[in-house]
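> coordinates only, sequence not included:
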Ligand SMILES: Nc1ncnc2c1ncn2[C@@H]1O[C@H](COP(=O)(O)O)[C@@H](O)[C@H]1O
Ligand SMILES: Nc1ncnc2c1ncn2[C@@H]1O[C@H](COP(=O)(O)O)[C@@H](O)[C@H]1O
Ligand SMILES: Nc1ncnc2c1ncn2[C@@H]1O[C@H](COP(=O)(O)O)[C@@H](O)[C@H]1O
Ligand code: NA
Ligand code: NA
Ligand code: NA
């Protein structure tokens, strides 16, 4: 408990959390501080490329672990499974319609790469190692949740609202998956030599870019809370805090079963706990346009993301340390 | 004198000045070289964040100086006061209308953060220390000048052209103030530890980003001179060179009264001497739309900014050194 | 031969080539991965600035070589000459109209700065030195080819389709020439001191930015192949691979005649071999709007650029090493 | 396809006035609008372009608003109040819209 | 200058639906269109702005299409099929175009 | 609100031709225009998009110009001269403007 609190305290006062908080406050106070869309996208490309590349290099360094394939599989299963649990919870504890509940559920099966990145930097600064291929697991968990959610809906309505193949292609080849997997593979091919060549681009400035990116996410989240906050009844709000904890328990189980390192277990928990706010919302707008985006965006970006960033990550890391005896 | 000249010479041949000159020349020659708006804004966010953060860290390092509050107060007073002096000078030496004179005056009470940044890098390369909280003083000086200018107008016309509360909020919470103060506070909270984490982002590449930013400012200034240069009569032109020197004298007095270090006095002079080209022009468009923007933009960005950048800063640093015996 | 193959293999597995390949594949698979235009332009400004500045510093370090002026002259002559050769080849081996052939020819007389940059980084990692002023030669070779192409057309049609002076000014002062020459001069003036101040901006992260830029170029090239690939008959396709080799032979001759270093000869070959995809296409749209842009863009960016990047550069470096005995 | 008569109002106004304008429109009962970025322009107050700019002082946006014809006057009054002292252009075009229930 | 009657159709639609819309238009025989970026807007589903956004989930584009009047119905049917379940606005204006052979 | 008849001319033209077009418009007595960025499009010469592009060779802009009806012919002649050999679209719509003294 002490460890959790001290980790949480250190975490809360780290530049990245404070930057996020600054963004939220600025947006709530209606400051005109804002990042151009192009800059936000540029930073996101940088972060995805860097995290993927570093993961690939780490795999190249440590050799392909026998657990890689199993971990990917576990990630995919979790991504399919978690929406069902989220859906059940939502139908139980909130008054959301089937449609809105399914749309929200899809977000919680998928993952938030920035939460993942923030967790890796907490692990690093605590000196806890983790498997480099967890970034591939992250990529693998992005899409399956969407299929689960669409299945939930088609089952309920029996209206044959099908996943069109075009949407399927879009989801599997969406920019962030391609960039993450692509740079992971490049990192894996070029290994330590490749890293040496671009280290001062993707390693040294990483934390700083992450700060500015979180400032921007704070601005977007704060704006969302200002506009969409009213939509949120207590039910969904509570869900937004409980679901990541529930998800993390599944991640913990998977991580332990797989025999991952302390850091690996913690990251598996973080992935399961986090909710998508990039790929899934876009897919929902195409496939379930009638679902209310204010609900899922506010929950994912305005509630669960800040929860994980501030309290969740330290909690998951502490639990993983305890459970693996690490 | 010798020192001024040698400092000026070194300064004139520094990459940042040469980049600015390249921008001006390219724009005057009507090259199509240009920065996308998003890139310019991205660089400006980076610079504000870095300078604020470093200021905060420096305050955390040296403890909160008793002079911090007094310096902020002095900055606010100067920002209120300088527009009155500028207004008197403008009415005396130029044929500008009350309205245009008041709008121009507002710019000279407020500050230019890039001039401030350029001055800190001259100080650094000359090995002269300065108070970290001067960046907070810079933030404090952004807005009061606007109120002075509006007061000058309402007094003159008695038409009750009031500052609407919405405008007030906009000015106080404008992006650059929020970012500067926010990152200053974050730097203050996280201190040297925080800096260590993001140093290779906000410290090492700083000078290089500043070069590109000044290249862009040169392009914008050159374009402004090409289009708006014709507007400028000799009177305003002379004002654009005299006013910074006059302002710097007030800054010098304030700095000496406060007992600041050599660098602190120099920066106080620079802040007083510099003219806003971001926050104040926007406020003027809202509050005094009839004032001619070509006049104040050309004066501030096309005349006073280059003057300070090239000759002003070395002059202020030399005078501050002499006056403080530093 | 062995050396070529091993250099080619190392080159093919370098991060920059793999990034380009990733981009092409993503675009062919119709992923929505894309860079905002502003980010692409920002990276291109960074690369031009950095390469120009470093070239200037290197000239400042080694003194102005007597060969500088001669090399510039040689570059200009090559840029005038190569379009005539390209035009003859195109008329001989492809069914392209005079207009299309002339437009394509212009591209091959001019240069691709990214190919040049990629070549310098291959040289660097092979420890082969080159003349810093080759970047000035690159700038000098951008424009003359356009004049050759327009002359080819006016001669053929006798319709007095003249180069208007406005277009002339646009071409000579286009952004990339101004930035390259400007930063070259600034680097030359500030020398090693200037470089020291901005080294951690323009040197350390350079390779990383180049990776992302090539990823973006891969995306654009892949999109071009998808849309415009159909336009390409075997004739032009073969030309796109043969012409760079032919061009490089002229570059080799020039480099040897000038007595350049191994690296200098290699770069002269690279410049002659590479085809423009920024400045010349824009000029062609203005001057020869009836020429089909799909043809010249697909050839330059979709065929010749990847060829040079992957096989050409190692070939030219090996030949230059052999020829100079370096 | 069934279409309905409406008015397409296009207001080109300084970016700094955008929120004031849209607030006024909302008060005047306008239910929707779309904001287009503007890259540059020229008028009596000279030429401008957003390229390389950091300040919001120069630069305009274009607010496009489809409304039922009977609401036009209210909208124009509201818009005029905001643009009155400012530079900018207001134009109105007759149009047809799908899904009239949305306006 | 000789001009020709045509229709100017403007479809404001979610960015994620853009390729589906343009594919449908192409199938309906539309020979050209232009896509304008949209910076923000407001409607029954609330207010939005692209600033700082990474996700394509929120954000719209404006597809402008000049066509011969006799093609209008085909275009509107095709467009309606795509926008039907989605937010967005379709409007049509009478216009004159130069170089009618292009449409 | 008092409005005045005017014409809204919209010229979609290659970005590289922008300054030539606006210079021609200015010579033809046009007192104001607004330039909208264009994100992508499609026509007889194929599909294009600005995303990730560095070169100005592909890409268009949209020049919008409100003018007094009697000035239309001069404007169209001037515009035609520039766009003649180039790709692009010119359309004209009847509109009403506020503050006619500005046109
Ligand atoms: N006749 C016009 N047609 C289209 N846009 C215009 C027109 N006049 C002015 N504008 C736009 O409104 C801005 C301000 O115009 P002005 O008030 O005349 O300086 C210009 O920079 C243009 O963006
Ligand atoms: N009346 C309108 N005029 C112009 N644009 C509109 C209008 N209504 C909606 N829009 C645009 O369409 C989007 C979605 O509208 P809605 O379906 O009402 O939520 C808004 O955010 C606006 O960008
Ligand atoms: N019918 C049209 N409606 C709207 N924009 C068009 C149309 N035709 C062409 N365009 C635009 O003009 C560009 C060039 O068209 P084109 O000359 O047909 O290749 C296209 O890429 C579109 O941006
Ligand atoms: Na999850
Ligand atoms: Na000042
Ligand atoms: Na060449």
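The structure has been received and is ready for your questions. Everything numeric here is computed off the predicted structure, so don't read it as measured data. Ligands and ions are numbered 1, 2, ... in the order given.
> got the residues of chain D near ligand 2?
For chain D, the residues found near ligand 2 under the criterion C-beta under 6 Å from any ligand atom are D:31, D:32, D:33, D:34, D:64, D:65, D:66, D:102, D:103. In this view, the C-beta of every residue, glycine as well, is placed from N, C-alpha and C.
> what is the nearest of these to residue D:8?
In terms of C-beta to C-beta, no member of the residues of chain D next to ligand 2 lies closer to residue D:8 than residue D:66, at 5.5 Å.
> the helix or strand where that closest one lies to strand E:60-67, inter-axis angle?
Residue D:66 belongs to strand D:60-67 when elements are defined using DSSP states H and E. Relative orientation of strand D:60-67 versus strand E:60-67 (axes from the mean of the first three to the mean of the last three C-alpha atoms, to 10 degrees): 70 degrees.
> how about strand D:60-67 and chain A, touching?
No. For strand D:60-67, no contact with chain A is found by C-beta under 8 Å from any C-beta of the partner chain; the gap never falls below 13.6 Å.
> for that strand, what is the distance to the chain centroid?
With C-alpha atoms, centre = their mean, to the nearest Å as the basis, the distance from the averaged C-alpha position of strand D:60-67 to the chain average is 3 Å.
> which neighbours does that strand have in its sheet, and in what orientation?
When sheet partners are counted by DSSP bridges, strand D:60-67 sits next to strand D:4-14 (antiparallel), strand D:33-37 (antiparallel).
> and chain D, which of its residues are near ligand 1?
For chain D, the contact set with ligand 1 under C-beta under 6 Å from any ligand atom comprises D:12, D:41, D:42, D:43, D:44, D:45, D:48, D:60, D:87, D:88, D:89.
> export those to TSV and tack on distance to ligand 6?
Putting these into TSV (distance: C-beta to the ion, whole Å) gives the following:
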residue	distance to ligand 6
D:12	44
D:41	39
D:42	39
D:43	44
D:44	47
D:45	46
D:48	38
D:60	42
D:87	48
D:88	48
D:89	47
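> just those residues: which has the poorest pLDDT?
For the residues of chain D next to ligand 1, the minimum pLDDT belongs to residue D:45; the value there is 86.
> that one contacts residue D:87, correct?
Yes. At 5.3 Å, residue D:45 counts as touching residue D:87 under the criterion of C-beta atoms under 8 Å.
> picking up where we left off before, mind putting the strands paired with strand D:60-67 into a markdown table with mean neighbour count?
As requested, those are exported to a markdown table (neighbours: other C-beta atoms under 10 Å in any protein chain shown):
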| stretch | mean neighbour count |
| --- | --- |
| strand D:4-14 | 22 |
| strand D:33-37 | 22 |
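> nearest to residue A:127, out of these?
Each of these was checked against residue A:127 via C-beta to C-beta, and the shortest separation belongs to strand D:33-37, namely 46.9 Å.
> all the strands of the chain, in order from the start?
No chain was given, so I picked chain A. Listed from the start of the chain, chain A has no strands (DSSP state E) to report.
> can you look at chain D instead?
Taking DSSP E as the criterion, chain D carries its strands at D:4-14, D:33-37, D:40-43, D:46-49, D:60-67, D:88-97.
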